[in-house]
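Engineer: Give the three-dimensional model of this entry:
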Amino acid sequence: MGRILKILGIGLVVSLFYFSFGVTFLPPNINTKMIIALFGMLTAVYHAIQNRSVKISRPLLGAIGFVVLFSIICFVSSDYNHTDDLSYATYFVSFAVWIFAAYAVCTLIKWGHGVINLTLLTFYLAGVCFTQCALALLIDSIPAFQQWVNQYIDQGQDFLLEVNRLYGIGASLDNAGVRFSIVLIMMAGILSKEQAIRTSSWSIIVLLTGFFTIIIIGNMISRTTSTGAGLAILYLMWNTGIVRMIIKPNFFKFHLIFGFMLILALLITTYFYQSDSIFQGQIRFAFEGFFNWIEYGEWRTGSTDKLNNNMWVWPTDLKTWIIGTGLFDNWVFGTDIGYCRLIMYSGLVGFSVFSLFFIYNAAVFARKYRQYSHMFFLFFVLTFVVWIKVSTDIFLIYALFYCMDILRNNKTLNQQDENRLLHTRYI
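Structural biologist: Okay, the predicted model is just below:
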């Protein structure tokens, strides 16, 4: 029981990091990620005192360099255009908050398990995403629970209720879709690369239960989830040999369970689609493109029509193309498209540095985790695909990897944790 409570407690903190939100009794600019970052900063200071030195890895220093340069460019854009919009001029602050918050999360996982690695991190993130999907259904179906959540959680739910969208606690719209996408790719990664996972029927069932739940319910919350779902399925197909019409012997158990779970997921979804009109409407929204293709022979959605018809807004003069307008907030250009908003704010100069920052992050970890190089390539693809729709970035996942590496290379902490009994296999 103590071990289970410890895992649940760590999972709660991971959720507060990954799906941060404000609370109604605190100032509106304070959210759970910032609170965790404060503990992360104090923990980092404590570890620095223990080690009698401040250790920053060379890759992290490179990332800091990109962030500082990008922030300076955005500040110059804002100053040159005489605006007070510092949305991305203060990106270095957001970067620091993510790093310190990630440090707290990674430290807590390492404290609870004695180790921290990609597999363990994926299990926690998958569990958090699965929980958010369950919470979204509970909030939508139990008015008393929805009222309680809305009373204490500040996440812009007035707009969500107005447009009749599912939401969890901190998980809504495209931000949730991007986070679901990241986790789907990570789940596909460990399912196809970790022999210990593939030989454990229990692990495969747990991961695939989360995988199919996130794809179905996650798309009800945000159709951006379908981007990650597509990339994750392609990743699985490539690594398991299905794309080459070959079933590798070491993947036989995986294919058997995958086939069973897929059929089960389709049967359950079909049952609720036919018996519950509310669920039917949510499924039709989640997979609107598919239903339009089946019924009208054209793959299209209302949101893509709106993006294509109204939201491709580009600079109209050379100065804006180069340095931007210094404007980003308050939907000033009437577009959600990430490419448009970033270029209109900081020009091609700022956008190029920002893009290189995410290329750099993907390259750093693709080189460090060669077994997972395809996974980090898909993170790179996800970044630039998502910007077709929104300006959300995925640095939060790289922050976890940077901090995980710092802790794994900390000899003092490793000596303290080497005798802990709770290990990855118990997840």
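
Engineer: Which elements pack onto the helix ranked longest in the chain?
Structural biologist: Using DSSP state H, we find that the single longest helix of the chain is helix 338-368. Packing contacts for helix 338-368, counted by 3 or more CB pairs under 8 Å, 6 or more residues apart in numbering; DSSP states H and E, involve helix 58-80, helix 318-323, helix 373-386, helix 395-408. Glycine gets a C-beta too; all of them are placed from N, C-alpha and C.

Engineer: Those: which one's closest to F260?
Structural biologist: Across these, F260 has its closest neighbour in helix 373-386 (25.2 Å, CB to CB).

Engineer: Next, the angle from that closest one to helix 338-368.
Structural biologist: 170 degrees (axes from the mean of the first three to the mean of the last three CA atoms, to 10 degrees).

Engineer: hmm, back to that, ranking the helices and strands packed on helix 338-368 by burial, who's on top?
Structural biologist: helix 395-408 (a mean of 22; mean count of other CB atoms under 10 Å).

Engineer: and that helix, C-alpha only, in CSV?
Structural biologist: Taking C-alpha atoms only, helix 395-408 is exported to CSV below (Å, rounded to 0.1, in the frame of the first residue of the first chain):
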residue,chain,number,x,y,z
PHE,A,395,10.1,22.1,-24.9
LEU,A,396,8.5,20.7,-21.7
ILE,A,397,9.5,17.2,-22.8
TYR,A,398,13.1,18.2,-23.6
ALA,A,399,13.3,19.8,-20.1
LEU,A,400,12.5,16.5,-18.6
PHE,A,401,15.3,14.8,-20.6
TYR,A,402,17.8,17.5,-19.7
CYS,A,403,17.1,17.1,-16.0
MET,A,404,17.0,13.3,-16.2
ASP,A,405,20.5,13.4,-17.6
ILE,A,406,21.7,15.8,-14.9
LEU,A,407,20.4,13.5,-12.2
ARG,A,408,21.7,10.3,-13.8
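
Engineer: just the angle between that helix and helix 338-368, please?
Structural biologist: Computed by the same axes, to 10 degrees, the angle between helix 395-408 and helix 338-368 is 20 degrees.

Engineer: What average pLDDT does helix 395-408 get?
Structural biologist: Averaged over helix 395-408, pLDDT sits at 93.

Engineer: and V385, what pLDDT?
Structural biologist: V385 carries a pLDDT value of 94.

Engineer: Can you tell me the closest non-neighbouring residue to it?
Structural biologist: Of all residues not flanking V385 in the chain, T227 sits nearest, at 5.5 Å (CB to CB, 6 or more residues apart in numbering).

Engineer: Next, count neighbours for that neighbour.
Structural biologist: 22 (other CB atoms under 10 Å).

Engineer: Which of the three states applies to it?
Structural biologist: helix (DSSP: H, G, I helix; E, B strand; the rest coil).

Engineer: is it true that it touches W387?
Structural biologist: No: between T227 and W387 there is no contact under CB atoms under 8 Å: 11.1 Å.

Engineer: Just confirm F328 is within a strand.
Structural biologist: No: F328 is assigned coil when assessed by three-state DSSP, not a strand.

Engineer: quick one: contacts for it?
Structural biologist: Shown in contact with F328 (CB atoms under 8 Å, 6 or more residues apart in numbering): D85, S87, Y88, R341, M344, Y345.

Engineer: And for the fifth one, the neighbour number?
Structural biologist: Here the neighbour count serves as a burial measure; for M344 (other CB under 10 Å) it reads 23.

Engineer: Read off the pLDDT value for it.
Structural biologist: Note on M344: pLDDT of 91.

Engineer: how long is stretch 148-166 from one end to the other?
Structural biologist: This stretch, stretch 148-166, spans 16 Å end to end (CA to CA, to the nearest Å).

Engineer: What lies in contact with it?
Structural biologist: The contact list for stretch 148-166, computed with CB under 8 Å, 6+ apart, reads 21-25, 28, 136-137, 139-140, 167, 169-170, 172-173, 217, 220-221, 282.

Engineer: what do you get if the cut-off is 6 Å, keeping everything else the same?
Structural biologist: Stretch 148-166 is contacted from outside by F21, G22, V23, T24, A136, I139, D140, Y167, I169, S172, M220, I221, using CB atoms under 6 Å, 6 or more residues apart in numbering.

Engineer: Tabulate those in JSON lines, adding columns for distance to T304.
Structural biologist: What follows is the contacts of stretch 148-166, written out as JSON lines (distance: CB to CB, whole Å):
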{"residue": "F21", "distance to T304": "28"}
{"residue": "G22", "distance to T304": "31"}
{"residue": "V23", "distance to T304": "35"}
{"residue": "T24", "distance to T304": "35"}
{"residue": "A136", "distance to T304": "23"}
{"residue": "I139", "distance to T304": "27"}
{"residue": "D140", "distance to T304": "25"}
{"residue": "Y167", "distance to T304": "22"}
{"residue": "I169", "distance to T304": "28"}
{"residue": "S172", "distance to T304": "20"}
{"residue": "M220", "distance to T304": "17"}
{"residue": "I221", "distance to T304": "18"}
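
Engineer: quick one: which of those residues is most hemmed in?
Structural biologist: Within those, I221 tops the neighbour count with 28 neighbours, counted by other CB under 10 Å.

Engineer: I'd like the distance between that one and Y167.
Structural biologist: 7 Å (CB to CB, to the nearest Å).

Engineer: just I99 next, same as before
Structural biologist: The value you get for I99 to Y167, if CB to CB is used, is 27 Å.

Engineer: Same check on Y152?
Structural biologist: Y152 is 14 Å from Y167, by CB to CB.

Engineer: residue ranges of the strands in the protein, please?
Structural biologist: Here the chain has its strands, by DSSP state E, at 22-23, 153-154.

Engineer: now the ones you listed as a markdown table including distance to K33 and mean pLDDT?
Structural biologist: Converted to a markdown table, those look like this (distance: least, CB to CB, whole Å; pLDDT from 0 to 100):
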| stretch | distance to K33 | mean pLDDT |
| --- | --- | --- |
| strand 22-23 | 10 | 88 |
| strand 153-154 | 13 | 87 |
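
Engineer: which one of those strands lies closest to Q132?
Structural biologist: Taking CB to CB, strand 153-154 is the member of those nearest to Q132, at 12.5 Å.

Engineer: That closest one - which strands sit beside it in the sheet, and in what orientation?
Structural biologist: Strand pairing for strand 153-154, determined by DSSP bridges: strand 22-23 (antiparallel).

Engineer: Tell me how far the strand it pairs with lies from the chain's centre.
Structural biologist: For strand 22-23, the distance from its own C-alpha centre to the chain's C-alpha centre is 20 Å (CA atoms, centre = their mean, to the nearest Å).

Engineer: So what touches that strand?
Structural biologist: Strand 22-23 has contacts (CB under 6 Å, 6+ apart) with N31, Y152, D154.
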